[in-house]
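K.L.:
Structure for the following, please:
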Amino acid sequence: MFGIYLDNNNNELVLAMQPDAGGRKLLFLDAVSGGLLGHAVLTVASYNCSNLSGMLIEEAGRGRALSKVFVQAWLQMCQTASVETTTSRIRKPLLALTLLRLGFTPILPGKGIIETKVSKGADGSVVLWASDGKKLREGFGETEIRSQNLAFGDAKSEGGKVIQLRARYRAPEEDVAVLVGLVVGDAEELRRILVERI
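P.N.:
Here you go, the predicted model:
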């Protein structure tokens, strides 16, 4: 454990780092039950750069806007440690949407990027639409469709947000707003956790 986050509703999350094949996982645990709420997959992009490769919100943590908290916590840790940030090619629509909302921008042009419109379906599903629907649909396996609750629209619907799937994203140039309630280790400890061998 190296950090704690207390949200506006006094829900406490514990942050921990776990080595993972080729990288590390930033774990977010419920402080009361100890249950895993989700994790961010991080790799070391270079000597001084942390790379967000993916994210998973466990069923128990869904619907609580935790993806935003997870990304903000990672960014704040990197800022504290003076570590640069980047992402891998993002394939998850809701993660791409979260990154855009936090001021990230897609790195364009890029091979295989699909401009996609994402909206919420009447049944709570994540509805995706692209001008090349076949290419969009082929980019997801059945397990991904089920686990991310994805649906594919036949026509461009009203509303929704345009995202870039399979794009790498660049972090905002200015520091992200401080995640009030986040307490993490000092810069040296965070640097070791983020970009040095653990």
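
K.L.:
how near is the closest residue to Gly124 other than its chain neighbours to Lys120?
P.N.:
Distance criterion CB to CB, 6 or more residues apart in numbering; nearest residue to Gly124, sequence neighbours excluded, is Asn149 at 6.8 Å. C-beta: built from backbone N, CA, C; applies to glycine. Computed as CB to CB, to the nearest Å, the Asn149 to Lys120 distance reads 10 Å.

K.L.:
which residues are common contacts for these two?
P.N.:
Residues touching both Asn149 and Lys120 by CB atoms under 8 Å, 6 or more residues apart in numbering: Val126.

K.L.:
more crowded one of those two?
P.N.:
Asn149 (14 against 11; other CB atoms under 10 Å).

K.L.:
Pull the contacting residues for the more buried one.
P.N.:
Here Asn149 is in contact with Gly124, Ser125, Val126 (CB under 8 Å, 6+ apart).

K.L.:
next structured bit after the biggest helix by length in the chain?
P.N.:
In the chain, with assignment by DSSP state H, the single longest helix is helix 66-81. Note on helix 66-81: by DSSP states H and E, the next helix or strand toward the C-terminus is strand 84-87.

K.L.:
Can you give the strand pairings for that following strand, parallel or anti for each?
P.N.:
Using DSSP bridges, the strands paired with strand 84-87 are strand 49-57 (parallel).

K.L.:
What residues sit buried inside the strand it pairs with?
P.N.:
Neighbour counts over strand 49-57 (16 or more other CB atoms under 10 Å) mark Ser50, Asn51, Leu52, Ser53, Gly54, Met55, Leu56, Ile57 as buried.

K.L.:
what's the spacing between the last one and Leu95?
P.N.:
With distances taken as CB to CB, Ile57 is found 10 Å from Leu95.

K.L.:
Residues that sit against both of the two, list them.
P.N.:
Ser67.

K.L.:
So which residues of the chain form helices?
P.N.:
Counting by DSSP H, the helices of the chain are 66-81, 93-101, 133-138, 142-147, 187-195.

K.L.:
Which among the ones you listed is found nearest to Ala21?
P.N.:
helix 187-195 (17.1 Å; CB to CB).

K.L.:
Only the buried residues of the closest one, if you could.
P.N.:
Residues of helix 187-195 classed as buried: Leu190, Arg191, Ile193, Leu194, Val195 (neighbour count, 16+ other CB under 10 Å).

K.L.:
Please tell me I have it right and the first one contacts Glu196.
P.N.:
No - under the criterion of CB atoms under 8 Å, Leu190 makes no contact with Glu196, lying 10.2 Å away.

K.L.:
Straight-line length of stretch 5-17, end to end?
P.N.:
Its first and final residues considered, stretch 5-17 spans 14 Å by CA to CA, to the nearest Å.

K.L.:
what do you get for stretch 76-89?
P.N.:
Note: stretch 76-89 ends 21 Å apart using CA to CA.
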